[in-house]
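S.K.: Mind folding the following:
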Amino acid sequence: MTACHEAERALLAAIEAGGAGVLRFGHREHLQITFALLHETADLAAAAARLRIALRRFAANRGAPERYHETLTWAWLVVVDERRRQVPEATFDELVARFPELLDAEHGALAAHYDVPAITRCARARSGFVLPGGSR
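M.R.: Okay, the predicted model is just below:
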């Protein structure tokens, strides 16, 4: 079973509760809550459902519901799950140390599959999942 630290669990709980008190929530924090969800559920579909709800609520509570991005949420979820399965005993910090491309939101793990700047700007990808190559 993957080791999940209290810090990831606490961040996940805060985001699922709407994000009050969360001062920083960048790419690394997105990955941390994704890791925690996958640890808790061990089921990609259940993790996706919770992640989508939490991120949408968080964005809405920050006054920026348009910031939620369906394709990037799913793509990062799948990538983190795939990397986590390669080293199932790893903590989050060990996982990103082994796979540093996870921390590079634009040129890292998704760059082999997506033109990340283009998919980030794509309204269709923001509102619904777009397969790799679908934003071109």
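S.K.: residue ranges for the helices of the chain, please.
M.R.: 6-16, 27-41, 44-61, 70-86, 92-98, 116-121, 123-127 (DSSP state H).
S.K.: Against Phe129, how distant is Glu6?
M.R.: Taking Cβ to Cβ, to the nearest Å as the measure, Glu6 and Phe129 are separated by 32 Å. In short, each C-beta sits where N, CA and C put it, glycine included.
S.K.: Same drill for these two, tell me which one is more crowded.
M.R.: The neighbour comparison of Glu6 against Phe129 (other Cβ atoms under 10 Å) goes to Phe129, with 14 against 8.
S.K.: dump the residue contacts of Ala54.
M.R.: Residues in contact with Ala54 (Cβ atoms under 8 Å, 6 or more residues apart in numbering) are Leu12, Ile15, Glu16, Ile33.
S.K.: which one of the residues you listed is nearest Ala60?
M.R.: Nearest to Ala60 among these, counting by Cβ to Cβ, is Ile15 at 12.2 Å.
S.K.: Isn't that closest one up against Ile33?
M.R.: Yes - the pair Ile15 / Ile33 is scored as a contact, 5.5 Å apart, by Cβ atoms under 8 Å.
S.K.: measure Glu57 to Val80 for me?
M.R.: Not Glu; residue 57 is Arg. 20 Å.
S.K.: The two - which one has more neighbours?
M.R.: Val80 (25 against 17).
S.K.: Going by neighbour count, which residues in the lowest-mean-pLDDT helix or strand in the chain are buried?
M.R.: The element with the least model confidence among the helices and strands of the chain, by mean pLDDT, DSSP states H and E, is helix 6-16, at a mean of 90. Of the residues in helix 6-16, those scored as buried under the neighbour-count criterion (16 or more other Cβ atoms under 10 Å) are Glu8, Leu11, Leu12, Ala14, Ile15, Glu16.
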